[in-house]
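# Here is a sequence together with a model predicted from it:
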Amino acid sequence: MSVLITGARGQVGQGVLGRLAASGFPVRAASARPAELAVPDGVETVEMVLDRPETFGAALDGVRQVFLYPEPAGIDELIKAAEAAGVEHVVLLSSAAVLGPDAETHPIGSHNLRVERALADSTLTVTVLRPDAFASNSLGWAWPIGQSMPVALAYPDARIAPIHPDDIADIAAEALTGGTLAGRTVTLTGAESLSFREQLAILSDETGREIPVERISRGEAEQQMGKYLPDRMVTALLDLWASAQDGPAEIADTTASLLGQPARSYRQWARENAAAFGAE
Ligand SMILES: NC(=O)c1ccc[n+]([C@@H]2O[C@H](COP(=O)([O-])OP(=O)(O)OC[C@H]3O[C@@H](n4cnc5c(N)ncnc54)[C@H](OP(=O)(O)O)[C@@H]3O)[C@@H](O)[C@H]2O)c1
């Protein structure tokens, strides 16, 4: 009986797919664009769009477990289809944003809460992964760093505990294949609290490039971020970073606490991804 990996082009989904396939588990890779999937030999692919219920039946046929990206738009239909197909267990890639005091109105928190709650009301066993900030969010700095421009930040001393996406994939794979995590809800972070300034210093070390940091006003940050993100998201992110200046970031569950293996460091992520920042 197969494990269905939704959003299989995503960085975490790809990691989960690779781990399960390498361990010999029957997996099916689902994507809105299956033709663009790169899958290990022998892995089936299927079109599945999380807000298009007509794509659910074929994707779920013969499936017992699902690795799920959250999409409120189709979640009720997805749960019905999964229950009808005999799915037993869902591992949800949620977000630590559901834990914030403003989660009900927060753009990311409310999106994930809606999916978590629908799954909690179902007959399925549900494992909820609530990661905090991904180390790979630093790719947002790749353009200015590659252009040898300063990285402009309103809150350069905000501290987060960035998690390596491979740690999330390890934990998701364990939830799908092992006996220790199924049915639990876990909040995931990296193992070290680092300010943005400290992350940029590590990136500078690992890329061999100078990376100046320019402090800008909140208004300037709103203008810059507003070019790519909706206003609600800009406000939510800037509020989060403003409040993250006050102390070290909280460390939650890591691969060390959950799997007994050391959490990957931000430096490791930076080294593995140095080329994206223009490292020679
Ligand atoms: N970034 C953070 O700090 C953070 C923190 C907590 C939680 N999260 C959550 O984690 C999820 C994002 O995870 P992720 O980083 O694994 O996602 P990702 O790589 O951004 O991919 C997300 C989805 O986008 C689709 N996609 C569209 N174009 C793509 C492309 N060119 N390459 C790859 N995928 C593409 C894929 O679905 P199809 O294959 O179906 O098209 C994929 O599953 C979100 O739900 C977010 O809320 C993020």
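Thanks, I have it. Numbers count the residues shown, from 1 in each chain.
# Please make it C-alpha for all contacts and neighbour counts, starting now.
Fine.
# So what pairs up with V63 in the strands?
Here V63 sits in beta bridges with S2, as judged by DSSP bridges.
# Surely it touches H89?
No. Distance between V63 and H89: 9.7 Å, which falls outside the contact criterion (Cα atoms under 8 Å).
# Secondary structure class of the residue nearest to I160 when sequence neighbours are not counted, three-state.
Closest residue to I160 apart from its sequence neighbours, by Cα to Cα, 6 or more residues apart in numbering: A249 at 5.0 Å. Classification of A249 using DSSP: H, G, I helix; E, B strand; the rest coil returns coil.
# For A249, which residues are in contact?
Contacts for A249 (Cα atoms under 8 Å, 6 or more residues apart in numbering) come out as R159, I160, A161, S193, L194.
# wouldn't the second one be in contact with A191 here?
No. The pair formed by I160 and A191 falls short of the contact definition of Cα under 8 Å, at 10.1 Å.
# which neighbours do the two share?
Between them, I160 and A191 share no contacting residue under Cα under 8 Å, 6+ apart.
# Show me the helices in the stretch 101-250 of the chain, by range?
For the stretch 101-250 of the chain, helices defined by DSSP state H, counting those that start in this stretch occupy the ranges 107-120, 142-146, 165-177, 196-207, 218-225, 231-243.
# Please look at L37 and T6 and confirm they touch.
No. At 11.5 Å, L37 does not count as touching T6 under the criterion of Cα under 8 Å.
# Now for these two: what residues contact both?
In terms of Cα under 8 Å, 6+ apart, L37 and T6 are both contacted by the residues S31.
# Who has more neighbours out of the two?
Comparing L37 with T6 by neighbour count (other Cα atoms under 10 Å), the higher total belongs to T6, at 26 against 18.
# residues contacting that one?
With contact set as Cα under 8 Å, 6+ apart, T6 has these partners: G13, A29, A30, S31, M48, V66, F67, L68, Y69.
# before we move on, back to that, point out the most buried one among the helices of the stretch 101-250 of the chain.
Here the criterion is mean neighbour count by mean count of other Cα atoms under 10 Å, and of those the winner is helix 165-177, at a mean of 22.
# Just the C-alphas of that one, formatted as PDB.
Taking only C-alpha atoms (Å, rounded to 0.1, in the frame of the first residue of the first chain), the coordinates of helix 165-177 have been written out as PDB:
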ATOM      1  CA  PRO A 165      14.600  21.400   5.500                       C
ATOM      2  CA  ASP A 166      16.300  18.000   5.500                       C
ATOM      3  CA  ASP A 167      15.600  17.700   9.300                       C
ATOM      4  CA  ILE A 168      11.900  18.200   8.500                       C
ATOM      5  CA  ALA A 169      12.100  15.600   5.800                       C
ATOM      6  CA  ASP A 170      13.900  13.200   8.300                       C
ATOM      7  CA  ILE A 171      11.200  13.700  10.900                       C
ATOM      8  CA  ALA A 172       8.300  13.300   8.300                       C
ATOM      9  CA  ALA A 173       9.900  10.100   7.000                       C
ATOM     10  CA  GLU A 174      10.200   8.700  10.500                       C
ATOM     11  CA  ALA A 175       6.500   9.600  11.100                       C
ATOM     12  CA  LEU A 176       5.600   7.700   8.000                       C
ATOM     13  CA  THR A 177       7.800   4.700   8.500                       C
END
